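# Generate coordinates for the sequence data below:
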Amino acid sequence: MRRVVITGMGAVTPLGNDVESTWTAVKAGKCGIAPITHFDTTNRKVKVAAEVKGFEPEQVIDKKELRKMDRFCQFAIVAAEEAVKQAALDFETEDTNRIGAMIASGIGGLETIDAESRKGNEKGYDRVSPYFIPMAISNMAAGQIAIRYGLHGMCNCVVTACASGSNAIGDSFRHIRDGYAEVMLAGGTEAAITELGIGGFTSLHALSDTEDPNRASIPFDKARNGFVMGEGAGILVLEELEHALNRGAQILGEIVGYGSNCDGYHITAPAPDGSGAAACMEQAMQDARIHATDISYINAHGTSTPMNDKCETLAVKKAFGEQAKNVLMSSTKSMTGHLLGASGAVEAVICVEALKDQFAPATIHYEQADEECDLQIVPNEGINAKITYVMSNSLGFGGHNASLIFTNYRA
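Numbers count the residues shown, from 1 in each chain. Predicted coordinates:
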């Protein structure tokens, strides 16, 4: 089968507006969570989020075009530009019919929907922006990226809630491996820290209402009480191995396995026994033709909700058996918050960096062990470790599960 490698990465996250600053912050155990600044939280239950800071999209995107793009699209384009530059792709010499974009978003242009709904209520709905629809629809990040680079291959948007970013990467991996493309720009983007977005998740009792940023997103900690909303984007350039070698590209890592399935259980709650997520992890390992003993580190979905962390622990135990107690595991959402449809993509970037530096990131602010989450949760400080294969898990509302497996490239 055709091998698929990673030749470029880009990121806009609550920890930094590129890959280097994000990874440096992850290694240092920095927290990107702080009081919300996007809107006034007076009289609101939830007051903290993991916002992107100091974002200056006009450095990459023309100001005229910016006015036609929701924030989630802006994140995606800035991250894509970083990834494409690192990959050193020259689209003028490439067959762009064999290059595509699959950029996920769980919600799409929520900031635009929020703003234009208010305008419609105040001035009448015939007065909403003529760009409302193209700014709001979830597929527009993929479309804008394809337009920017003149890509004519498959252009798609995966919408599987919190699994979206991982599914976009996994589906792109298969698309290349099966011979339909040579290169795919793949990842996810999200910008849902709006009054409507936070309000909706608050009413769902999904968000932490803790006001202390250091105790709000605490995956696997017994005191956890909900997730913290994050925002940003992660984009990977995936490339068929021979294509990458022939053009002398720098290879950052390799994607070797992908699992995708559904609990078929509940619209928001995971299957209590973890069976769906476990089967997804097993599927990914079978796809990679490796065993549980080969996995050195798991970047857990780890949302900091009582049910998710407990059920994911059960799932790892089912999938890994006796090896579950030996594998290192952490949730970097303790630092980034939960980026919804972008979370799996940003975590994929983190996994590739973890392999490169042989470093397992921490679950920061971990204080109180939970007997129901009793695996090797790397606590508070990341550690140097021998890492051969990394698994990244994403588990979304609707029962959507995705698992990716990465390794360092070996000829």
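# What ranges does this structure have for its helices?
Residue ranges of the helices in the chain, as given by DSSP state H, are 19-28, 63-66, 71-87, 110-123, 132-136, 140-149, 164-177, 195-203, 241-246, 275-288, 306-320, 333-336, 343-357.
# buried ones in the last one?
For helix 343-357, burial by neighbour count (16 or more other Cβ atoms under 10 Å) applies to 343-355. The C-beta positions use only the backbone N, C-alpha and C, and glycine is treated the same way.
# closest to A168 among those residues?
A345 (6.9 Å; Cβ to Cβ).
# Show me how this protein divides into domains.
Following automatic domain parsing, one finds the domains of the chain at 4-246, 259-407.
# what is the mean pLDDT for the first one?
In this case it means domain 4-246. For domain 4-246, mean pLDDT rounds to 98.
# How about stretch 389-403?
pLDDT averaged over stretch 389-403 gives 97.
# could I have it exported to CSV, CA atoms only?
In CSV, the C-alpha atoms belonging to stretch 389-403 read as follows (Å, rounded to 0.1, in the frame of the first residue of the first chain):
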residue,chain,number,x,y,z
TYR,A,389,4.1,5.0,17.9
VAL,A,390,1.6,7.6,19.0
MET,A,391,-2.2,7.2,19.1
SER,A,392,-4.5,10.3,19.1
ASN,A,393,-8.1,9.8,20.1
SER,A,394,-11.1,12.0,19.3
LEU,A,395,-14.6,11.1,20.6
GLY,A,396,-17.5,13.3,19.4
PHE,A,397,-21.2,14.0,20.2
GLY,A,398,-23.4,11.6,18.3
GLY,A,399,-21.1,8.8,19.2
HIS,A,400,-18.5,9.6,16.5
ASN,A,401,-15.1,8.0,17.3
ALA,A,402,-11.7,8.5,15.5
SER,A,403,-8.3,7.2,16.3
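# ok, back up a step: so which of the helices of the chain comes closest to L395?
helix 275-288 (5.6 Å).
# and the closest one, what does it pack onto?
strand 253-262, helix 306-320, strand 389-396, strand 400-407 (3 or more Cβ pairs under 8 Å, 6 or more residues apart in numbering; DSSP states H and E).
# In TSV: those, plus mean neighbour count and distance to S117.
Below are these laid out as TSV (neighbours: other Cβ atoms under 10 Å; distance: least, Cβ to Cβ, whole Å):
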stretch	mean neighbour count	distance to S117
strand 253-262	22	31
helix 306-320	22	30
strand 389-396	28	25
strand 400-407	27	27
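# can I get these in JSON lines with distance to N43?
Compiled in JSON lines, the helices and strands packed on helix 275-288 are given as follows (distance: least, Cβ to Cβ, whole Å):
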{"stretch": "strand 253-262", "distance to N43": "38"}
{"stretch": "helix 306-320", "distance to N43": "26"}
{"stretch": "strand 389-396", "distance to N43": "30"}
{"stretch": "strand 400-407", "distance to N43": "34"}
